[in-house]
Each structure stands twice: as structure tokens, then as C-alpha cells.
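1. can you look at this prediction? I've put the sequence above it.
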Amino acid sequence: MDKVYIIGHTSPDTDSVVAAISYAEFKNKIENTNIYIPVVAGEINKATEFIFNKFNIEKPEILNTLENKNVILVDHNEAAQSLTGIESAKIIEILDHHKLDFKYSEPIYVNIKPWGSSATIVAELFLSNNLNISKSTAGLILSAILDDTVITKSPTCTKTDKDMIKKLSEIAEINDWENFGMEIFKAKSGVSKMRDIEVIKSDFKDFDFMAGKFGVGQVETVDLNEFSNRLDSLLIEMEKIKKENNYHSVLLFVTDIIKGGSKILVASREAEKIAEAFNIKLKDNKAYINGLMSRKKQVVPVLTEKFNN
């Protein structure tokens, strides 16, 4: 077989990048080959860059199109979140931890688990096949799990994720994984030097509902005050993104990992319907939602129920 590119979603977060790298390593080891190549669908974020520097990992190549390529999709399966050219790509496999929203003309191998991160699935594959996980790979996977589960605080976090965190911490020689997780989020939180569009797009996914296309971004912080003077300018940029890209709505959730809640910003022609869906009152298209931590578990299902009928 020719080269197979393993790739996560656009606006790559740590889990999508690490899942691609670690799954390529697993596939090449288990099949005794070197045809599986991890790539990314855009620039990596600050948290991922911090992790790469810590474990001395090289950045994967950025792929610009999937056109006519052999592809394994990780950390996503919706076409709206894939790189351009997905229509002509030969999709070999899917490894993911999100809801299945995928159609293809032939049967393929799909590995989806309701766990806190895609990297947890890869770690389980290494261990169940008795394959050695190096210190650096363990560190990468540990970082992705901590990031995606918000240091186990997210409602998406499962016992499997927690068990894997303990095992990987030992291999990676990380004595205090909670403190290490905070280091990752502090690296993520340095928004002062980021432009508004970079903040919005740092972890941004598209979703196609019957009502139209939604763009939903999420950025985590250890202090919401870091954003207090930027909310209006972020909303202006979100309106611009909505109009230029023909979105029904663009939402941004600024999540405080310490307090355990999110500030929601809404750019939408049906803002009140969104407020109704989340049972909140918007003031100047903003509101705080206590307890909201997970886009996958607490945002997408709500939007699906409200805007997919």
C-alpha cells in the first residue's frame, strides 16, 4: 500500500495531533512497516507546542488537502471538520471518541469509544497488544488525555481515562500529573498576545445541522478575568466569521477550569433560540453557564436537539 496519512480535524487541538502521532507509531509497529505518516490539518496551538518542547517531539507536517490520498481519520469523523479534499480521499479507518456522523461508500474499520480522548484509545491499543510505550510517547498521550478531560474535571472523563493517566504518568515519569495538567492549561491561557481570530479558532469545530452550519469554539483558561476586556471585540470578530463563511451561528465558550463553568458568546440570527436551548438569559449576547465544561457532551447534544429538527 502507498503512504497512509493519519490526520485529525481542522483547527487541531492536542488530542487530534497526539492521536495522529501515536496511532501512526502503533500502526507501524504492529504491522512492521513505515507507511503510516502522522500529519496535521493546520498550525498547532500553544498547549501542543509546549508539550512538544517538553518531550522533544518534532512537529508533524501540515497537510493542505486530502485529495486522492489514503487517509485514517482520528479525533473526528464529520466531513464538516475534515480537511478539504475529503470527498476524493480513500478513507481506510476512523479512530474517534465523538458521536458517529459518517457516510462512506464501502465498509471500513471504525474504532469509536465513549472515552475522554482519542489518545486514550491509542494507549489502550498499545497496552492490549503488549507493545512498549516509550517515555516520550507516554508523555504525549498523557498530555492529550489531561487536556481533553480538563485534568479529569470534564464530564466526558471516564474511569478508563483515569486509569490510563496513572499508568502513563509512571511510564513518562511525571510524579504529579495534576500539576503537569495545570502547566498545560497555563501554556494554553496566554491569550494576551493572540489576536481575536486566533483565540476563536484555537479549538474550533464546524457542525452541520438542519438549521444550518454552526461554528463552535472553546478556549480554556485558569482565570476568566484574562478575557474580561476582550469579550466585545471577540463578538465583533465572531460576527465577521459568521457573515464571511455563511454560518447560521458562531459560538465561543470561554471555560474556567478552576471554577468549572463557561462564558458563552453568541453571534447568531437566532440568539434567543440558543439562549432558550441552554436555559439562559443573554445580555449583550453573553452569559455565564455554571458547570459547563464539555463541548462534546454539554453543547453539541443541546444544539442538535434544538436545531436539527
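-> Sure, I can see it.

2. where does the chain dip in pLDDT?
-> Where the chain drops to pLDDT under 70, the residues are 1, 190-192.

3. top helix in it by residue count?
-> Counting residues, the longest helix found in the chain (DSSP state H) is helix 14-31.

4. wait, Ala24 sits on Ile6?
-> Yes: between Ala24 and Ile6 a contact is recorded at 4.7 Å, counting by C-beta atoms under 8 Å. Where C-beta positions appear, they are placed from N, C-alpha and C, glycine not excepted.

5. what touches both of those two?
-> Residues touching both Ala24 and Ile6 (C-beta atoms under 8 Å, 6 or more residues apart in numbering): Tyr36, Ile37, Pro38.

6. possible to save those residues as JSON lines with neighbour count?
-> Formatted as JSON lines, these follow (neighbours: other C-beta atoms under 10 Å):
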{"residue": "Tyr36", "neighbour count": "23"}
{"residue": "Ile37", "neighbour count": "19"}
{"residue": "Pro38", "neighbour count": "24"}
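
7. now tabulate those in CSV and tack on distance to Lys263 and secondary structure.
-> Below are the shared contacts of Ala24 and Ile6 laid out as CSV (distance: C-beta to C-beta, whole Å; DSSP: H, G, I helix; E, B strand; the rest coil):
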residue, distance to Lys263, secondary structure
Tyr36, 40, strand
Ile37, 39, strand
Pro38, 34, strand
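
8. list the helices and strands the longest helix of the chain packs on?
-> Where contact means 3 or more C-beta pairs under 8 Å, 6 or more residues apart in numbering; DSSP states H and E, helix 14-31 is packed against strand 4-7, strand 36-40, helix 46-55, strand 70-74, helix 118-128, helix 135-148.

9. change it to 10 Å
-> strand 4-7, strand 36-40, helix 46-55, strand 70-74, strand 90-96, helix 118-128, helix 135-148 (3 or more C-beta pairs under 10 Å, 6 or more residues apart in numbering; DSSP states H and E).

10. what comes up buried for it?
-> 14-28 (16 or more other C-beta atoms under 10 Å).

11. distance from the chain centre to it, please.
-> 16 Å (C-alpha atoms, centre = their mean, to the nearest Å).

12. got the angle for it vs helix 118-128?
-> 20 degrees (axes from the mean of the first three to the mean of the last three C-alpha atoms, to 10 degrees).

13. now do helix 14-31 against strand 36-40: the angle between them, please.
-> 170 degrees.

14. mind exporting helix 14-31 as CSV, just the C-alpha atoms?
-> The C-alpha coordinates for helix 14-31 follow below in CSV (Å, rounded to 0.1, in the frame of the first residue of the first chain):
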residue,chain,number,x,y,z
THR,A,14,-3.7,18.5,21.3
ASP,A,15,-5.7,15.3,21.2
SER,A,16,-6.1,15.3,17.5
VAL,A,17,-2.4,15.9,16.9
VAL,A,18,-1.2,13.4,19.5
ALA,A,19,-3.7,10.8,18.4
ALA,A,20,-2.3,11.1,14.8
ILE,A,21,1.3,10.7,16.0
SER,A,22,0.7,7.9,18.5
TYR,A,23,-1.6,5.9,16.2
ALA,A,24,0.9,6.1,13.4
GLU,A,25,3.5,4.8,15.7
PHE,A,26,1.2,2.0,16.8
LYS,A,27,0.2,1.0,13.2
ASN,A,28,3.8,1.0,12.0
LYS,A,29,4.9,-1.2,15.0
ILE,A,30,2.0,-3.6,14.8
GLU,A,31,2.3,-4.1,11.1
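
15. between strand 70-74 and that helix, find me the angle.
-> 130 degrees.

16. specify the angle between helix 14-31 and helix 46-55 in degrees.
-> 50 degrees.

17. where's the most centrally placed residue in the chain relative to Asn56, distance?
-> Closest to where the C-alpha atoms of the chain average out (C-alpha atoms, centre = their mean) is Asp13, at 4.5 Å. Separation of Asp13 from Asn56 (C-beta to C-beta, to the nearest Å) stands at 21 Å.
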